[in-house]
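Student: this one's sequence-less:
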């Protein structure tokens, strides 16, 4: 209503009094209306902070994740976030936290997977031998036991 009042020739002070807001809020509304029209007044999500990595760096990071580490060169046998943070520093002189890098990788479509630990001497047949079959938690009583309760 305040913007409509201004468009009809009213002052911003009158519009602010009518809407019960400050002049700064009315000014913000007018600027949003001028930029995007009526749709510009709709509440929208804040853009957030810009990404630290650019497209070229993101592509190089994806390439390194796909290739995997070289144990002799990188000193690790699998990538961890802290290893990738160190690699980004060595490669691009970028300081980035593990949490931020995790969000970047997740946005790139990667998921954090951890393999189930397996002893190097474990045999596949041993797993089947030691598996336990559990009975269902709830079973129907036999007819004889139901008669005893009555």
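Tutor: Okay, I see it. Computed from a predicted model, the values in this text were never measured in an experiment. Numbers count the residues shown, from 1 in each chain.
Student: rest of the way, CA atoms for contacts and neighbours
Tutor: Fine.
Student: quick check: what element follows the helix or strand hosting residue 100 along the chain?
Tutor: With the criterion set as DSSP states H and E, the secondary-structure element containing residue 100 is helix 98-107. Once the chain leaves helix 98-107, the next helix or strand it forms, by DSSP H and E, is helix 124-130.
Student: mind listing what residue 11 touches?
Tutor: Under the criterion of CA atoms under 8 Å, 6 or more residues apart in numbering, the contact list for residue 11 reads residue 5.
Student: any idea which helix or strand comes after the particular helix or strand that has residue 61 in it?
Tutor: In this assignment (DSSP H and E), residue 61 forms part of helix 55-67. Following helix 55-67 in sequence order, the next helix or strand is helix 71-74 (DSSP H and E).
Student: tell me what the helix holding residue 61 is packed against?
Tutor: Under the contact definition 3 or more CA pairs under 8 Å, 6 or more residues apart in numbering; DSSP states H and E, helix 55-67 sits against no other helix or strand.
Student: what comes up buried for it?
Tutor: For helix 55-67, a neighbour-count test (16 or more other CA atoms under 10 Å) marks 61, 62, 65 as buried.
Student: can you pull the contacts of the spatially most central residue of the chain?
Tutor: Closest to where the C-alpha atoms of the chain average out (CA atoms, centre = their mean) is residue 103, at 5.3 Å. Applying CA under 8 Å, 6+ apart, we find residue 103 in contact with no residue.
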